[in-house]
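S.K.: Got a predicted structure here, sequence first:
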Amino acid sequence: AGAGAGEGLLVCTDVPHVSTHLSADDPVRMREFAQSLSAELKRRAELLGRSDFAEWHTGRELADRMVAQRTAANGDLDSPPSATVRL
């Protein structure tokens, strides 16, 4: 209604992670954007490797939950710690 041609998404610049509005009538900035987007997609594909996103995400969640196995200081895993002094 009140927006000019190509300004329909201008309101999206209010979203915190959006830094600017890219107009289709600026070919230099459009090319820069396309190159940046392509590089980011390539970077993400390298992070995923051969996994799809669901597999990659599940693997990360599991890795974050992993805890190193505890070992006893004296190598004896059978005897519980005790406050009793043995003579």
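M.R.: Noted; the coordinates are in hand.
S.K.: can you count the residues close to the closest residue to residue 10 other than its chain neighbours?
M.R.: Closest residue to residue 10 in three dimensions, ignoring its sequence neighbours and counting by C-beta to C-beta, 6 or more residues apart in numbering: residue 21, at 5.0 Å. In short, each C-beta sits where N, CA and C put it, glycine included. By the criterion of other C-beta atoms under 10 Å, residue 21 has 12 neighbours.
S.K.: gap between residue 21 and residue 53?
M.R.: Taking C-beta to C-beta, to the nearest Å as the criterion, residue 21 is separated from residue 53 by 28 Å.
S.K.: And residue 37, by the same measure?
M.R.: When distances are taken as C-beta to C-beta, residue 37 and residue 53 turn out to be 17 Å apart.
S.K.: Name the single longest helix found in this structure.
M.R.: Longest among the helix segments of the chain by residue count, using DSSP state H, is helix 27-48.
S.K.: buried set for the following helix or strand past that one?
M.R.: Taking DSSP states H and E as the definition, the helix or strand that follows helix 27-48 towards the C-terminus is helix 53-65. Buried residues in helix 53-65, counting neighbours by 16 or more other C-beta atoms under 10 Å, are absent.
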